[in-house]
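J.: what follows is a predicted protein model with its sequence.
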Amino acid sequence: MTFSPRAAGARLARLVELLVFPSFCRLCRAPLEDPGERVVCGACLSKLAAYEGPFCPRCGRIRQDGGEDHACARCLSETPAFTRHRSCGVYGGTLKDVILLFKYRKYAPLSRPLAGFADAAVGPDPGLWAGADFLVPVPLHPARRRDRGFNQARLLARGLARLRGLRVLDGCLVKVRNTPPQAGLRAADRERNVVRAYAVRRPDRVRGRTLVLVDDVTTTGATLRECARILLDAGAKEVRAVTPAQA
């Protein structure tokens with residue numbers, strides 16, 4: 001038998017992968033047998049459901065009252081700083097389970113299928129992508145990033161950038177105040193929580209640019225509105241936003 005360094009290396013790489021990542025789906029417990037499967041199996045990922053109903057064309061708020069797309073009451077009374085936001089699906093079911101694994105169980109490889117899901121769901125929307133210069137991940141405070149090990153929005157932005165043929169403008173929008181998590185706060189408290197929490201370093205990098213903010217989940221939109229405002233104040237031409245899920 002001829003010794004093959006390449007085959008030996010592949011076996012070693014597979015062994016390391018099995019030690020680092022689970023060999024069964026964290027949702028349905030089925031074995032991860034197909035090439036490229038990590039953490040969650042393909043059958044579970046196929047259940048990620050894109051939202052196809054009406055929404056507010058400006059803030060992207062999902063409307064479950066039927067009818068056609070139309071502006072929500074909030075956008076009619078107070079126009080957000082971003083010009084367009086789309087959420088890919090409702091934060092529930094398999095989509096919620098995958099995001100929770102990604103974000104809180106620290107399974108970073110799930111950024112790739114989530115980015116693919118987002119691209120399939122809102123990639124055909126020209127209002128999001130036409131003329132866009134950069135994707136901008138919503139930043140974490142350095143203390144939170146060290147605790148988590150990664151910024152989930154940054155990984156999502158990198159995945160989307162590969163699929164959309166765009167670049168990520170990283171390290172320009174920063175979080176300067178370590179605020180309490182938005183989850184669990186009331187709407188008014190969410191608004192106050194993010195005021196002056198973000199800043200732009202190197203404004204020359206955003207000046208005159210059309211930017212697409214990327215975050216994992218939106219609830220009231222407070223974070224996206226504040227980040228968009230900060231970027232526009234720094235000279236951005238236009239800010240849009242995309243999130244895989246909306247609670």
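T.: Everything's here; your move. Residues are numbered from 1 along each chain as shown.

J.: please count neighbours and contacts with C-alpha atoms only from this point.
T.: Will do.

J.: if you count contacts, what does the longest strand seen in the chain end up packed against?
T.: Across the chain, the longest stretch assigned as strand under DSSP state E is strand 238-246. Strand 238-246 sits against strand 84-90, helix 111-122, helix 126-129, strand 210-214, strand 217-218, helix 222-233, with contacts defined as 3 or more CA pairs under 8 Å, 6 or more residues apart in numbering; DSSP states H and E.

J.: now these in JSON lines, with mean pLDDT, distance to residue 198 and mean neighbour count?
T.: As requested, these are exported to JSON lines (pLDDT from 0 to 100; distance: least, CA to CA, whole Å; neighbours: other CA atoms under 10 Å):
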{"stretch": "strand 84-90", "mean pLDDT": "97", "distance to residue 198": "19", "mean neighbour count": "24"}
{"stretch": "helix 111-122", "mean pLDDT": "98", "distance to residue 198": "24", "mean neighbour count": "20"}
{"stretch": "helix 126-129", "mean pLDDT": "96", "distance to residue 198": "23", "mean neighbour count": "16"}
{"stretch": "strand 210-214", "mean pLDDT": "98", "distance to residue 198": "13", "mean neighbour count": "25"}
{"stretch": "strand 217-218", "mean pLDDT": "96", "distance to residue 198": "17", "mean neighbour count": "22"}
{"stretch": "helix 222-233", "mean pLDDT": "97", "distance to residue 198": "7", "mean neighbour count": "22"}
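
J.: so what does the spatially closest residue to residue 107 that is not a sequence neighbour have for phi and psi?
T.: Among residues not flanking residue 107 along the chain, residue 101 sits closest, at 6.0 Å (CA to CA, 6 or more residues apart in numbering). Main-chain torsions, residue 101, degrees, to the nearest 10: phi -60, psi -40.

J.: kindly tell me how buried residue 101 is, as a neighbour count.
T.: For residue 101, the count of nearby residues is 17 (other CA atoms under 10 Å).

J.: now residue 142
T.: Neighbour count of residue 142, defined by other CA under 10 Å: 16.

J.: please name whichever of the helices and strands packed on strand 238-246 is nearest to residue 191.
T.: Within these, the stretch nearest residue 191 is helix 222-233; the backing value is 5.3 Å (CA to CA).

J.: the closest one vs strand 210-214, what angle?
T.: For helix 222-233 against strand 210-214, the angle between stretch directions is 160 degrees (axes from the mean of the first three to the mean of the last three CA atoms, to 10 degrees).

J.: which element is residue 34 on?
T.: Of the helices and strands defined by DSSP states H and E, none includes residue 34.

J.: look up how far residue 144 lies from residue 234.
T.: Residue 234 sits 25 Å away from residue 144, going by CA to CA, to the nearest Å.

J.: those two - which one has more neighbours?
T.: Each of residue 234 and residue 144 has its neighbours counted (other CA under 10 Å); residue 234 has more, 19 against 15.

J.: so how far is residue 177 from the more buried one?
T.: Residue 234 sits 18 Å away from residue 177 when distances are taken as CA to CA.
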